Each structure stands twice: as C-alpha cells, then as structure tokens.
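Peer 1: Provided below for reference: sequence and predicted model.
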Amino acid sequence: MLCLALLVPGGGSGLAPPAAAQAGPSVLPLSVTEIAPGVFVHQGADALVAPSNRGDIANLSFVIGRDAVAVIDTGGSLAIGQALRAAIRAVTDRPIRYVINTHMHPDHLFGNAAFAEDQPEFIAHHRLARALAVRAERFLAINAALLGPDAFAGTRLIAPTRAVEDRSVIDLGARELVLEAQPTAHTDNDLTVHDTASGTLFLGDLLFMRHVPVLDGSIRGWLALISRLEQVAAKRVVPGHGPPVAAWPEAVQPQKQYLQRISADVRRMIKEGRSIAEAAATAGLSEREAWLLFDEFNARNVTAAFAELEWE
Amino acid sequence: MTELIARRSVLYLVGAAITGLPVTLARAEDDPWPGLHQDVFRNRPISEEDGLVTLEAPIRAEDAALVPLTVKVDRDKLSAPLTLTLLIDKNPAPVAATFFFGEGSGEIVLSTRVRIDAYSNVRAVVETSAGALSMTTKYVKASGGCSAPALKDAELADAELGKMQLRQFEGGLPASTSREAQLMIRHPNYSGLQMNQLTGYYIPAKFITDVEVKRGDALVFRMEGGISLSADPNIRFTFRSTGPGDVLSAVAKDTDGRVLRGSWPVKSGKES
C-alpha cells in the first residue's frame, strides 16, 4: 500500500496539479497550554501519522525568556510547524532564536522549515545529523505517502546548525535551558531540555505516556537512563507523547514497567532458545491493556529488543 | 552444479552492489520470477510445494530490515549434500543467500534474517545431490528493508564491527545427534542502497560475502550471501555432534577483505 502511494503521489486523479508548497491564506494556530510561567505545550494526537492529523501526533513546546524564545520540537509537517509558529506569535513577539530537536523522528522535526525565516540555531544531539542523514530519504518518502500531498506540502528537512556534545546551556534572557545529550535509549540521539527557572524537564520521546513506548535505540540503555533521570529533581515533565505535563518521577513508572516486562520476557525466551518470531508474537502481551497503539508497535519493539539482548 | 549456482548468484549480487545505486532491475517486470528462474537456475525444472522444503515467514514483517525466515528440509527424503538458496523476488539483489551443507550438518533447520524491499514472494529452493530442485514460496508484506538503516546505535555498530558470537541450544530436535547453534556477526552489511543525505551519496555497499562453519574438519555449511541479509548477520543452524571434544569454528569474509574467525567448544547437551 505504501509503495502504491509512492508511485501515485497525485492520488486518484493523475491530472491534479501538485499541491502548492505555501500554506493557506491564514494559518490556524495550534492550541497550547501554559503549564508553567512562560512554558507552553501543544498536545499532539495519540495516533499514527495520517492526513487527518497532518502529522500532529507529538507534543511540541516553547519557552519564552526575557529576550528570546526557544522551540522544542516542531511537529510532523511544515503545516504543523507553521501552526506552532502562529501559536507562538499569538503570545509573544520576541525573536525565535533556538529550535531544539529532541531526537530524529519525523513527528518531532518535520516542522523545522516553518522556522527557517527566523534564522534560529537548530540544535540537536551530536549524533542526530548522522542518524537523520541515513534515514532522511526513507523518512521523507514514508511521510509523504502517509500524509498525502496536501498535508505533506512543503515539508523538507533542516539539519542541525549546532550540535550538543554532552551538555550545553542556552540563555533566553534571565532564563537558562540546560541541554543534555543522552546515551542511546529511545534512539541514539535523545536530547533532554531542562528549564531550570520553572523546574520543567522536557523529555521528548524518552517519556511516552498512554501511547505505547517505541524502541528505536537500546532497551538496556533506555532502562538505565530512566533510573538516572528519576534522580533529577524536576517539578514537572513534558512527555513526547501523552498529556502536556506530568509529575516526576511518577510519570515514567508505566513506561518503566512496560520496558522491564519486554526485557524480562525476551530474556527468558532467549534463554529457552526460542526464536525472534516466537518472541514477537508473545512477549509483552500482558501490557496490552495499559497502552494505546499497542498492536502497532509492540511486536516491533520486541523484535528490536531481541536483536539487542541476544548479544548479552 | 552447485558451484555453478553459487557463481551465478554472487555475480548477481556484486553487480547490484558495486553500482551503489538503487537497482530497479527486479521491479521493472511485473513478475520477476521467470527472469530469476532463468538467471539463477537456468530454467531447470523445479518441483513446487512437494513437502521436501518448508519455509516459515511472517505474513507482514514487523521490521522490513529484519525479517526472520526459517527453512526446514525433510532430509529423510534425500541424500546429502544439498544446497539451499533463499530468494526475495522484488529485492534489488534477489538472491539473499546460498547455503551448501556438508557432512557435519544435522537435519536441515536453518533460520536467518533478511531485508525485504517490497511486498514480495520469498522462496526457498533446495537442490539435492542428484541435481533435482524443489521450491516453496511465501508472500511477505514488507517494504523499504534494503534502504532502511537497521543499526539503531551507529557508534556501537562501528565499535563492535567484526565481533562474532556463537550460541548453543539444548537438544530437542528429532534426530538425537543433531544439535542447534546460532552464529551472530556484528556487521552493518551495508546494502549500497542506504543514502547519507548529508553527503548526498549512498553509503558504499559493505557486506559479508562468505561464511563457513565447520565441526572439526567437517563442513557444517558454507554460505554465500549479500546485501539482502540483515545487518548483524544471524544464522541459526544444526550440526551433527560426534561427542565430547567437538569444536565448532567459523570463518566469515566481507567485501573489504576482512576475515573474521571464531571457534567454540561444543557444550554438553544441557547448557545453552
């Protein structure tokens, strides 16, 4: 189905002209919630990327300082990035100097281009550029097919202009954001953002709530990182998927349980000499009722966990 | 005859690999099989679904870059040695691997993991020592497997390239002298179809071409493989154990001329 969609980008009518790259006459701002003074979050849909949601499935945030604004993740299409920018402009005229990508996944950074006119620094984990470079073609093709020509129109990639090696601090004016490049967990390029002024920790997809966690890095690394992050004193956290704000470290407990469950099931099956296909069909099923989109991702998570853990 | 098949399949792979471009040869035709039948098997008659060979494959792949396949051959129905060729019709390099089984092999139960680029028939073709061909086919829904980067942790992959590991399993196979083991090789198996958008170039193909596993001096199997095998090539196979003191050894070679070697004492039945 995906392949067919790629071959016929115009959809049913082969005569339809390609959708115009520019957005419609007026961009409708995304709805946002002010979860702490100067900290705004837009809650994405708990869904797969589809034309109906225009790629708006991840939580997107911005933080306003005395002198500047930082955007944390930009959404799954140019249109969503533009709608996020409109939401920012509805509450502040301060310059958007920083666009931070928490990791490489399209639903978090395909809206980058909406901010090109602001000429911000595009900041990411030092491993993001390489990881995105080898996936770009595929990410673009898949999302073009999933979103359809209208919702995907104008979407292009903007690579980071500034890489965080380990830890980096940006100053928004009387407000500092501490950026930390994390070891391989959800992906190999997860970056956390800590707004120390409000005590808000932005975890990107290191934290899934409601939406089943998606493993695209290392299950061992992710569990180890969770143990470390649990020690961080944060007043609140912003997950990559789920509610706009949650209490810490309570928010991570269901995800921790899910990853531990998969880990234990897969390790047991490896020990029993079972195959990766058998594991994909059964591991983690006791967690099924606890999550949305479980059937869409669990078997794939198990496959990835198995390929990692069998090297132990 | 088996050597001839092997040479054909390797040429096929190298042809696709060295161009470094997405070869659409297989996609140009609606049904690639007649062409493959000609190129790989020289149009020799093939008996289909005759029960000699069975193939387990998912109907829909969870990860197109890591699709598990298991092949079983009813060895009672033929005499050793034999070869097994795995084909993925719609892949840029349709011949995923050819296995040659030797006197050290047990009954044939073999699992590996492959990349699948488009919804495709996947075939397991066995050639008996008498030269007869037998085939079974499964249709697998998967796409993009050849261009997808399967390596989730790029730095770990670089650091561990070439590491080999062997897992051994407790018995449980019908023939009591057959044992099961799994050879794992850390290798990106770059397909040549994975693009680096930063440079605008495809990452050059770099993959494991040959794997040979022996029990002592006896050949268990030799494999000629290519870019359709998943990253971190992984082969679960059977071997015939002769008793305490057996040693399994493996030699793997890649397109850069890298030679990887490992050897492992055969564990007694209860360990895993």
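Peer 2: Great, that's in hand. Residues are numbered from 1 along each chain as shown, chains lettered A, B, ... in the order given.
Peer 1: Please name the residues that touch A:R210.
Peer 2: Residues counted as contacts of A:R210 (CB atoms under 8 Å, 6 or more residues apart in numbering or on different chains) are A:D46, A:H241, A:G242, A:P243, A:W291, A:L292. To be clear about C-beta, it is placed using only N, CA and C from the backbone, and glycine gets the same treatment.
Peer 1: possible to save these as CSV with distance to A:L28 and neighbour count?
Peer 2: CSV is the format used below for the contacts of A:R210 (distance: CB to CB, whole Å; neighbours: other CB atoms under 10 Å in any protein chain shown):
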residue, distance to A:L28, neighbour count
A:D46, 21, 18
A:H241, 22, 26
A:G242, 23, 21
A:P243, 22, 16
A:W291, 30, 22
A:L292, 26, 16
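Peer 1: residue boundaries of the strands in the stretch 1-150 of chain B?
Peer 2: In chain order, the stretch 1-150 of chain B shows strands spanning B:46-48, B:53-56, B:67-73, B:83-88, B:95-101, B:108-114, B:120-127, B:133-140, with DSSP state E, counting those that start in this stretch as the criterion.
Peer 1: Likewise for the stretch 151-272 of chain B?
Peer 2: Listed in chain order, the strands found in the stretch 151-272 of chain B under DSSP E, counting those that start in this stretch are B:164-169, B:178-185, B:195-196, B:201-202, B:208-215, B:218-225, B:234-240, B:247-254, B:259-265.
Peer 1: picking up where we left off before, out of the contacts of A:R210, list just those in strands.
Peer 2: When these are checked against strands (DSSP state E), the matches are A:H241.
Peer 1: Of the contacts of A:R210, which is the nearest to B:G225?
Peer 2: Sorting the contacts of A:R210 by distance to B:G225 puts A:W291 at the head of the list, at 37.4 Å, by CB to CB.
Peer 1: Contacts only, for the closest residue to the closest one other than its chain neighbours.
Peer 2: Once its chain neighbours are removed from consideration, A:W291 has its nearest residue in A:V212; the separation is 3.8 Å (CB to CB, 6 or more residues apart in numbering or on different chains). Listed by CB under 8 Å, 6+ apart, the contact set of A:V212 reads A:Y258, A:E287, A:W291, A:L292, A:L293, A:F294, A:E296, A:F297, A:N298, A:N301.
Peer 1: buried sites along the longest helix along chain A?
Peer 2: Taking residue count as the measure and DSSP state H as the definition, the longest helix of chain A comes out as helix A:128-152. Neighbour-count burial for helix A:128-152 flags A:128-149, A:151-152 (criterion: 16 or more other CB atoms under 10 Å in any protein chain shown).
Peer 1: filter the residues you listed by proximity to chain B?
Peer 2: Residues shared between the buried residues of helix A:128-152 and the neighbourhood of chain B are A:A129, A:R130, A:A131, A:L132, A:A133, A:V134, A:R135, A:A136, A:E137, A:R138, A:A141, A:I142 [CB under 8 Å from any CB of the partner chain].
Peer 1: Name the nearest residue to the fourth one, ignoring sequence neighbours.
Peer 2: Meaning A:L132. A:L132's closest residue in space is A:M104 (CB to CB, 6+ apart), at 4.6 Å.
Peer 1: I figured the one you found hits A:R135, correct?
Peer 2: Yes. With contacts counted by CB atoms under 8 Å, A:M104 reaches A:R135, the gap being 6.7 Å.
Peer 1: any idea where the helices of chain A begin and end?
Peer 2: Counting by DSSP H, one finds helices in chain A at the ranges A:2-7, A:78-91, A:106-109, A:128-152, A:219-229, A:253-271, A:276-282, A:294-309.
Peer 1: so who does the residue lying farthest from the centre of chain B touch?
Peer 2: Distance to the chain centre peaks in chain B at B:L198, reaching 31.5 Å (criterion: CA atoms, centre = their mean). Under the criterion of CB under 8 Å, 6+ apart, the contact partners of B:L198 comprise A:A129, A:R130, A:A133, A:A159.
Peer 1: how about stretch A:112-125: buried residues?
Peer 2: Residues of stretch A:112-125 classed as buried under the neighbour-count rule (16+ other CB under 10 Å) are A:N112, A:A113, A:A114, A:F115, A:P120, A:F122, A:I123, A:A124, A:H125.
Peer 1: okay, the angle between the lengthiest strand in chain A and helix A:294-309?
Peer 2: Counting residues, the longest strand in chain A under DSSP E turns out to be strand A:200-208. Using axes from the mean of the first three to the mean of the last three CA atoms, to 10 degrees, the inter-axis angle of strand A:200-208 relative to helix A:294-309 is 90 degrees.
Peer 1: of the contacts of A:R210, closest to chain B?
Peer 2: For these, the minimum distance to chain B (CB to the nearest CB) is 16.5 Å, reached by A:W291.
Peer 1: Surely the closest one and A:M209 touch.
Peer 2: No. Using CB under 8 Å, A:W291 is not in contact with A:M209, being 9.6 Å away.
Peer 1: any residues touching stretch A:295-312, and which ones?
Peer 2: So stretch A:295-312 is in contact with A:48, A:212-216, A:218-220, A:262-263, A:265-267, A:269-270, A:276, A:279-281, A:283-285, A:287-288, B:62-63, B:66, B:152, B:165, B:167, B:182, B:184, B:186, B:232, B:234, going by CB under 8 Å, 6+ apart.
Peer 1: Buried only: go through those residues for me.
Peer 2: In terms of neighbour count (16+ other CB under 10 Å), the buried residues within the contacts of stretch A:295-312 are A:212-216, A:218-220, A:262-263, A:265-267, A:269-270, A:276, A:279-280, A:283-284, A:287, B:62-63, B:66, B:152, B:165, B:167, B:182, B:184, B:186, B:232, B:234.
Peer 1: what residues are up against the residue nearest to A:R130 when sequence neighbours are not counted?
Peer 2: Ranked by CB to CB, 6+ apart and with sequence neighbours excluded, the top spatial neighbour of A:R130 is B:A154, at 6.1 Å. With contact taken as CB under 8 Å, 6+ apart, B:A154 is in contact with A:R127, A:R130, A:A131, A:V134, A:D188.
Peer 1: go again using 10 Å as the cut-off
Peer 2: A:R127, A:R130, A:A131, A:V134, A:T184, A:D188, A:N189, B:P188 (CB atoms under 10 Å, 6 or more residues apart in numbering or on different chains).
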